[in-house]
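Visitor: structure here, sequence nowhere to be found:
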């Protein structure tokens, strides 16, 4: 096989869930497509690496810094939603339920993975808590690491005198109780709310 | 999401078995890798498109023309193995059972897909049948299209006075008769050989 093909297969194999066979299939697909496709793909990969960087304020990935979310004056500047990853930010944004600002931690506290407070942009979050911020919503995962991170951040944010909330845990929409795990059901019960 | 990311996701989605979610995951992986990886990936895609072309003699994909297989004097110049795709050539080559030349058709006869003899490099194959070629091995698929292609090529090659053979159909290595389909079993029976 041509060297250039082997080199590309080797690089594609480093992508998640792409093995030797899939990588080979992708390379043959690129070669059987019009050359314009391959050129556009190469350019798009280079553009992403060169142009997209974390927003220095919120950590969102963007071609500008501050990013378009931070720079949008129509967004509510008094609320910050804290998420672990940019993917989580996109998920919250796609819910169309939130119109405030974000803060991307870049992970959760995890001593085993060597992730301490200095690795998750915690101080950067506290530094953003000026007089205009009224509430911080902690939208970290409902995992052990996500909960530990939320507890840690709660203490630091309360010291700064800002209200802290945590997104609700419970039965997902469409979830049948029969198939919900014990832990989620326990959280759903303890987090019950009076019906109005 | 940043424009550059959306553009790359759109291009990655055109790859086989890559949907919106997978494409998004790949882009985030590229962005979380060292920039060197993304640059190498972009360069490798561009290299493949610019440098790799079909060998003008056998149709193999190569950075040179004639390709390294055609140009290798140690290979048996008296046999040509005919395959549908470059992937099939690589499969035969990986069997380490064959040391002759190849001819890649670029598909099989398929009236429904508009593939006639002119679309599968059949004349190019016949033009290669000089005095030094003793045998042509037809290694097209065991599908309806592959068999039709083999039959068509057999006639044309025999007119040129060259011996034609067809790769064997039958039970694959490790195959249990219980689970082999009827058609394969019928071929294996009719193609039985005396044991020596």
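Guide: Perfect, I can see it now. Not measured: the values here are computed from a predicted model.

Visitor: distance check, the residue at minimal distance from the centre of chain A against chain B.
Guide: Per C-alpha atoms, centre = their mean, the C-alpha nearest to the average position across chain A is that of residue A:85, at 2.1 Å. Distance of residue A:85 to chain B, given as C-beta to the nearest C-beta, to the nearest Å: 8 Å. Yep, even glycine has a C-beta here, placed from its N, CA and C like the rest.

Visitor: which ones are touching that residue?
Guide: A:104, A:106, A:107, B:28 (C-beta atoms under 8 Å, 6 or more residues apart in numbering or on different chains).

Visitor: let's see 7 Å
Guide: residue A:104 (C-beta atoms under 7 Å, 6 or more residues apart in numbering or on different chains).

Visitor: which phi and psi does it have?
Guide: Here is the backbone geometry of residue A:85 (degrees, to the nearest 10): phi -130, psi 160.

Visitor: retrieve the pLDDT associated with it.
Guide: Note on residue A:85: pLDDT of 95.

Visitor: and what of residue A:45?
Guide: 98.

Visitor: can you check residue A:37 too?
Guide: On the pLDDT scale, residue A:37 is placed at 97.

Visitor: that one and residue B:50, how far apart?
Guide: 13 Å (C-beta to C-beta, to the nearest Å).

Visitor: quick one: which of those two has more around it?
Guide: residue A:37 (17 against 14; other C-beta atoms under 10 Å in any protein chain shown).

Visitor: ok so that one is a strand residue?
Guide: No. Assigned with DSSP: H, G, I helix; E, B strand; the rest coil, residue A:37 falls outside any strand and is helix.

Visitor: contacts only, for it.
Guide: Contacts of residue A:37 by C-beta under 7 Å, 6+ apart are A:30, B:14.

Visitor: try it again with 8 Å
Guide: A:30, B:11, B:14.

Visitor: which parts of stretch A:80-87 are buried?
Guide: Judged by neighbour count (16 or more other C-beta atoms under 10 Å in any protein chain shown), stretch A:80-87 contains these buried residues: A:80, A:81, A:82, A:83, A:84, A:85, A:86.

Visitor: pLDDT value on residue A:119, please?
Guide: On the pLDDT scale, residue A:119 is placed at 94.

Visitor: and chain A, what are its domains?
Guide: Following automatic domain parsing, one gets these domains for chain A: A:3-51, A:61-166.

Visitor: and residue A:171, what element?
Guide: Using DSSP states H and E, residue A:171 maps to neither a helix nor a strand.

Visitor: avg pLDDT for stretch A:164-172?
Guide: In the prediction, stretch A:164-172 has an average pLDDT of 91.

Visitor: for that stretch, which residues meet the burial criterion?
Guide: A:164, A:166, A:167, A:170.

Visitor: out of the contacts of residue A:37, who's the most crowded?
Guide: residue A:30 (22 neighbours).

Visitor: OK, contacts around that residue?
Guide: Taking C-beta under 8 Å, 6+ apart as the test, what residue A:30 contacts is A:8, A:37, A:38, A:41, B:15, B:45, B:48, B:49.

Visitor: for these, which one is nearest residue B:64?
Guide: Of all the contacts of residue A:30, residue B:64 sits closest to residue B:48, with 14.5 Å by C-beta to C-beta.

Visitor: and the lowest-mean-pLDDT helix or strand in chain A, how far out from the chain's middle?
Guide: In chain A, no helix or strand scores lower on mean pLDDT, DSSP states H and E than helix A:182-190, which sits at a mean of 87. In terms of C-alpha atoms, centre = their mean, to the nearest Å, the centre of helix A:182-190 is found 25 Å from the chain centre.

Visitor: just stretch A:149-157 next, same as before
Guide: Using C-alpha atoms, centre = their mean, the offset of stretch A:149-157 from its chain centre is 18 Å.

Visitor: sorry, back to before: of the contacts of residue A:37, closest to residue A:67?
Guide: Checking the contacts of residue A:37 one by one against residue A:67 (C-beta to C-beta), the nearest turns out to be residue B:11, at 22.7 Å.

Visitor: surely that closest one is in contact with residue A:41?
Guide: Yes. The pair residue B:11 and residue A:41 qualifies as a contact (C-beta atoms under 8 Å) at a distance of 4.9 Å.
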